[in-house]
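Undergrad: just coords:
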């Protein structure tokens, strides 16, 4: 367990709009496990927020824009809990990244620069376990995010009804342990990234 002085602020983004979302269940369990370890998780369920579509114009005046931007930018680490649809992350997650990652007019800075990012994925088929990877690569190349090499990818076989199977629970715990170690070590980093190639 972490002492409060070493507690990490972790933003958990539940990015499914499905009323029966299993990626939301993963996000809630992540919140619980982080609290047990003495950290400070902030779970945001996109089903409860009316995010604007990214248009690179009017979206920045929407009240949810600043809320989401700050939640990502001010965290010691971010967990993206996403559904997998059509061999990629769900569109709500993509819209969120576009909205909070936009730069270019001299007034905004992307929220994602240098974030330590962990993916929790809920998919239908076992063989789409790499479907998140194009988004992960984009976060790394565009925003110099540090990606947790441990990823949770859960399908129907990884659940006991609405509960995590033991193997899924173990994978989630290991993934979070690595995430917390990375976020703790990188909290003292001396560099700060910006838009560059």
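TA: Cool, the structure landed. Only a predicted model underlies this, so the values are computations on that prediction, with no experimental measurement involved.
Undergrad: what's the neighbour count on residue 7?
TA: 17 (other C-beta atoms under 10 Å). Every residue, glycine included, has its C-beta placed from N, CA and C.
Undergrad: who's in contact with it?
TA: Taking C-beta atoms under 8 Å, 6 or more residues apart in numbering, we find residue 7 in contact with 38-40.
Undergrad: cool, residue 119 as well?
TA: Here residue 119 is in contact with 79-80, 82, 132, 136, 147-148, 151-152 (C-beta under 8 Å, 6+ apart).
Undergrad: where does the residue nearest to residue 62 when sequence neighbours are not counted land in three-state SS?
TA: Spatial nearest neighbour of residue 62, excluding adjacent residues (C-beta to C-beta, 6 or more residues apart in numbering): residue 52 at 4.3 Å. State at residue 52, reduced to three classes by DSSP: H, G, I helix; E, B strand; the rest coil: coil.
Undergrad: so residue 52 touches residue 59, yeah?
TA: Yes: using C-beta atoms under 8 Å, residue 52 is in contact with residue 59, at 4.3 Å.
Undergrad: Find residues that contact each of the two.
TA: Contacts common to residue 52 and residue 59, judged by C-beta under 8 Å, 6+ apart, are 65, 99.
Undergrad: Give me the neighbour count for the residue nearest to residue 62.
TA: Burial of residue 52 is recorded as 15 neighbouring residues (other C-beta under 10 Å).
Undergrad: again, but for residue 194
TA: Around residue 194 there are 11 residues (other C-beta under 10 Å).
Undergrad: Ramachandran angles for it?
TA: Backbone torsions of residue 194, given as degrees, to the nearest 10, read phi -140, psi -180.
Undergrad: The residue nearest to it when sequence neighbours are not counted: which element?
TA: Closest residue to residue 194 apart from its sequence neighbours, by C-beta to C-beta, 6+ apart: residue 113 at 6.6 Å. Remark: residue 113 resides in no helix or strand, with elements defined by DSSP states H and E.
Undergrad: Isn't residue 113 up against residue 143?
TA: Yes: using C-beta under 8 Å, residue 113 is in contact with residue 143, at 5.0 Å.
Undergrad: hey, what's in contact with both of those two?
TA: Joint contacts of residue 113 and residue 143 (C-beta under 8 Å, 6+ apart) are residue 193.
Undergrad: Alright, calling it a day.
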